[in-house]
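Q: With the sequence up front, the predicted model follows.
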Amino acid sequence: MARLWLVIAVAGAAGRAWLLAQEEPPAEPAAAGVTPPDAAPEVPAADLVPAAEPGAVPLPGVSEPEVAPAEGGAPVEEAEIPLVVAAPGSAKGRGWELRAGALYRGGMDVDVHGTSAARAAAPAGGTPFRRAPRGIGNTRTYADRTYDDGFVNIDPGTAFPGTIVPGVTWFWGYENASQYSPAAQTLSFTKGGGESLTRSVVRDQTWDRSDDIEAPGFAVELSRDLPSLHPALSVVLGFQTFWLDDVEAEASPYEETYTHRQYAIVDRYDTSRGGPPPPAPYAGTYEGPGYLIGNRPDSRAAVTTAAASWRVRNRIELEIESEMYQFSLGPRLALPLHPRISLAVDPFLSLAYVSADAEYREELQSVAADGTAASAAQWRESACEEDWILGLGVRAGVTVGLGCGWSVGVLGGYDWLGDDLTLAAGPSTVELDPSGYFAGVTLGKEF
C-alpha cells in the first residue's frame, strides 16, 4: 500500500509541474531606471482618490475630489481587479484531486448445486447377500432333508412311479414333543444357519444452497477537471479491492441403512390324514414300515434369530474463499449545493478481477444403533478459478470541503458485472455472482 501511495504522489507532482509549465512565463524585470514603453506611470498613493458613485449626494462642506492627471495631461483610469473563485474545499483549484477511503460491498451471492460422491461409490456397508440353510432342499422336489431337530428322507416308495400314494415317506424322525401341534395337526422341523445382509437407500438428494456475501474494501481514485468541456465535468480513474466473506456450507444429502440378519427355516408337515404321530423321540427307517408323512413340506417360513441394523450417511463440508480487484473509469458531474458542499454523480465502466478457491470434503460414516460413528470412506478435492469480468455501474456522493484543498465525502452506488464466476468442486458446482451495491467514506486532497 505504501508503494501505491508513493506512485500516486509522484504522478500527482508530475502532473502539477506540467500544468505550471503551460502557464505564461513571467516578464523579465526591467533594468534600474528604465521604464518599459507599455508600463503605466506610477501615481503616488496619496493622489489616488476613489471616484464618487453615480447618483451620490455630496456632503455639505466637502468638495468632490479631483482626479490627479497623469503626466502629459491624460486622466488615470481605474484598473479592474479579476475575481478568482476556488472550487469547494480547495485553496487554489488546480483541477486534480486524489481521494481514498473505506468501502462496504453487499448484495453478492454464492450458489452451490451438487450431489454427493457417496451415491456413486460401492456400498460402504457391504454387498447385500442371502445364504439359506443347507441340507433341507427346496419345497418343489423330493429330497433327503436334515434338520436340527429331526429328518425327513426319501424311502423306497417316495418317488417310485408304481407307489399307491406317491410322495410320502416313513423314513423320518423328530426329537421333541413340542414339534407336534395337536391343534394345527402339524409337525414342525427347524434348520438354522440362514444369513442375509440387506441395503436400503433412504435419502439420495441433490443439495442446493445460496448465501449472501459481504465484503469490506478499500478504494483510491484520481480525478481531473475538464473545464474545456464543462465547468462541472471531470474524469475519474478508480481502483477498488474487496475481501469477500468466506462461505462454509455443510450438507448430508445421502443416507442408507443396512440390516444383518440370522434366521432359521421352519418347515411344517400335515399329519391330519394319519392322526397323531408316534411320541417323540421317534426315528423311522428306510425299509419301514412306519408312520407316513409327506416328503415335501406343506409350508416353509424364515424366522429371524438375530439381527443388527446400522446407518451409513455422508457429511459434506465446502469452504469458499474469494476476492475481487476492480478498475473503473468514467465521467463525473458535480453539482454545487453550497460553497463548500457538492453532489457528484458518476456513471462508470469497470474491469474486475475475481478469484475463488473451494475446498470440498466428504466423509461417509457408519453409525451403529447406539450412535457410535466410524468413518467408512472419505473424498477430498480442491478447485480454483479466476476471471476478468467487464461491468457497468453508477455512484453518487456528497463532498464537504474542509479548506486548504482537503475534503471528506460519502458515496454509494451499484455495480453490475457481466458474468458469474463458476467452478467445480467434487460433484458440486459453485457459482459466484459479484454484482452488488457499495457504500463508503472518503478523504480527498486537491492539487
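A: On my side now, so go ahead.
Q: Contact partners for Gln378?
A: Neighbour list for Gln378: 361-364 [criterion: Cβ atoms under 8 Å, 6 or more residues apart in numbering]. Glycine gets a C-beta too; all of them are placed from N, C-alpha and C.
Q: how about it, secondary structure?
A: When classified by DSSP: H, G, I helix; E, B strand; the rest coil, Gln378 comes out as strand.
Q: ok, now Ser178?
A: At Ser178, secondary structure determined by three-state DSSP is helix.
Q: And it, how close does it get to Thr305?
A: Distance, Ser178 to Thr305, using Cβ to Cβ, to the nearest Å: 17 Å.
Q: can you check Pro339 too?
A: 97 Å.
Q: returning to that earlier point: of Ser178 and Thr305, who's got more company?
A: The neighbour comparison of Ser178 against Thr305 (other Cβ atoms under 10 Å) goes to Thr305, with 14 against 10.
Q: Helix or strand with the lowest mean pLDDT in this structure?
A: For the chain, counting by mean pLDDT, DSSP states H and E, helix 2-22 ranks last in confidence among helices and strands (a mean of 43).
Q: just the helices in the stretch 201-350 of the chain please.
A: With helices called from DSSP state H, counting those that start in this stretch, the stretch 201-350 of the chain shows none.
Q: Show me how far stretch 182-195 is from its chain's centre.
A: 62 Å (Cα atoms, centre = their mean, to the nearest Å).
Q: Also stretch 437-447?
A: Taking mean C-alpha positions (Cα atoms, centre = their mean), stretch 437-447 and its chain are 29 Å apart.
Q: Now Arg361. Nearest residue, chain neighbours left out?
A: In space, Arg361 comes closest to Glu317 once its chain neighbours are excluded; the distance is 4.6 Å by Cβ to Cβ, 6 or more residues apart in numbering.
Q: just to revisit the earlier point, now the element after the least confident helix or strand of the chain, going C-ward?
A: Going down the chain from helix 2-22, the next helix or strand is strand 96-114, by DSSP states H and E.
Q: That following strand pairs with which strands, and in what direction?
A: strand 207-225 (antiparallel), strand 428-433 (antiparallel), strand 436-446 (antiparallel) (DSSP bridges).
Q: Can you spell out which helices and strands pack onto the helix or strand following that strand?
A: Once strand 96-114 ends, the next helix or strand along the chain (criterion: DSSP H and E) is strand 129-131. Counting contacts by 3 or more Cβ pairs under 8 Å, 6 or more residues apart in numbering; DSSP states H and E, strand 129-131 packs against strand 186-204.
Q: okay, the strand it packs on in PDB with CA atoms only?
A: Only the C-alpha atoms of strand 186-204 are listed here, as PDB (Å, rounded to 0.1, in the frame of the first residue of the first chain):
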ATOM      1  CA  THR A 186     -48.700 -80.400  12.000                       C
ATOM      2  CA  LEU A 187     -45.200 -81.500  12.700                       C
ATOM      3  CA  SER A 188     -42.500 -78.700  12.600                       C
ATOM      4  CA  PHE A 189     -38.900 -79.100  11.800                       C
ATOM      5  CA  THR A 190     -36.200 -76.300  12.200                       C
ATOM      6  CA  LYS A 191     -33.000 -75.700  10.300                       C
ATOM      7  CA  GLY A 192     -30.700 -72.800  11.400                       C
ATOM      8  CA  GLY A 193     -27.700 -71.200   9.700                       C
ATOM      9  CA  GLY A 194     -29.500 -68.800   7.400                       C
ATOM     10  CA  GLU A 195     -27.900 -65.300   7.000                       C
ATOM     11  CA  SER A 196     -28.600 -62.200   4.900                       C
ATOM     12  CA  LEU A 197     -27.500 -58.600   4.500                       C
ATOM     13  CA  THR A 198     -30.000 -56.100   3.100                       C
ATOM     14  CA  ARG A 199     -29.400 -52.500   2.000                       C
ATOM     15  CA  SER A 200     -31.900 -49.700   1.600                       C
ATOM     16  CA  VAL A 201     -31.200 -46.100   0.400                       C
ATOM     17  CA  VAL A 202     -33.400 -43.900   2.500                       C
ATOM     18  CA  ARG A 203     -32.100 -40.500   1.200                       C
ATOM     19  CA  ASP A 204     -30.400 -39.600  -2.000                       C
END
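Q: how about it: buried residues?
A: 186-197 (16 or more other Cβ atoms under 10 Å).
Q: Could you list the low-pLDDT ranges of the protein?
A: 1-94 (pLDDT under 70).
Q: residue nearest the centroid of it?
A: What sits nearest the mean C-alpha location of the chain, by Cα atoms, centre = their mean, is Val110, with 3.2 Å.
Q: For that one, which residues are in contact?
A: Val110 makes contact with 210-211, 213, 247, 320, 322, 430-433, according to Cβ under 8 Å, 6+ apart.
Q: possible to save the contacts of Gln378 as a markdown table with secondary structure, neighbour count and distance to Val165?
A: Shown next, in a markdown table, are the contacts of Gln378 (DSSP: H, G, I helix; E, B strand; the rest coil; neighbours: other Cβ atoms under 10 Å; distance: Cβ to Cβ, whole Å):
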| residue | secondary structure | neighbour count | distance to Val165 |
| --- | --- | --- | --- |
| Arg361 | strand | 17 | 71 |
| Glu362 | strand | 24 | 66 |
| Glu363 | strand | 18 | 65 |
| Leu364 | strand | 22 | 59 |
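Q: and the gap between the nearest residue to Val168 once chain neighbours are set aside and Ala215?
A: Using Cβ to Cβ, 6+ apart and skipping the chain neighbours, the partner closest in space to Val168 is Leu292 (4.5 Å). Applying Cβ to Cβ, the value for Leu292 to Ala215 is 90 Å.
Q: show me what contacts the closest residue in space to Gly288 that isn't next to it in sequence?
A: Leaving aside its chain neighbours, Gly288 sits nearest to Trp170 (4.2 Å; criterion: Cβ to Cβ, 6+ apart). Trp170 is in contact with 155, 284-285, 288-292, counting by Cβ under 8 Å, 6+ apart.
Q: let's go with 10 Å and repeat that
A: 153, 155-158, 284-293 (Cβ atoms under 10 Å, 6 or more residues apart in numbering).
Q: What remains of those if I keep only buried residues?
A: Those of the contacts of Trp170 that meet the buried threshold are 153, 155, 157-158, 284, 290-293, by 16+ other Cβ under 10 Å.
Q: State whether Ala264 and Arg300 are indeed in contact, as I suppose.
A: No: using Cβ atoms under 10 Å, Ala264 is not in contact with Arg300; the gap is 11.1 Å.
Q: Check which residues of stretch 177-186 are buried.
A: Within stretch 177-186, the residues scored as buried using 16+ other Cβ under 10 Å are 179-180, 185-186.
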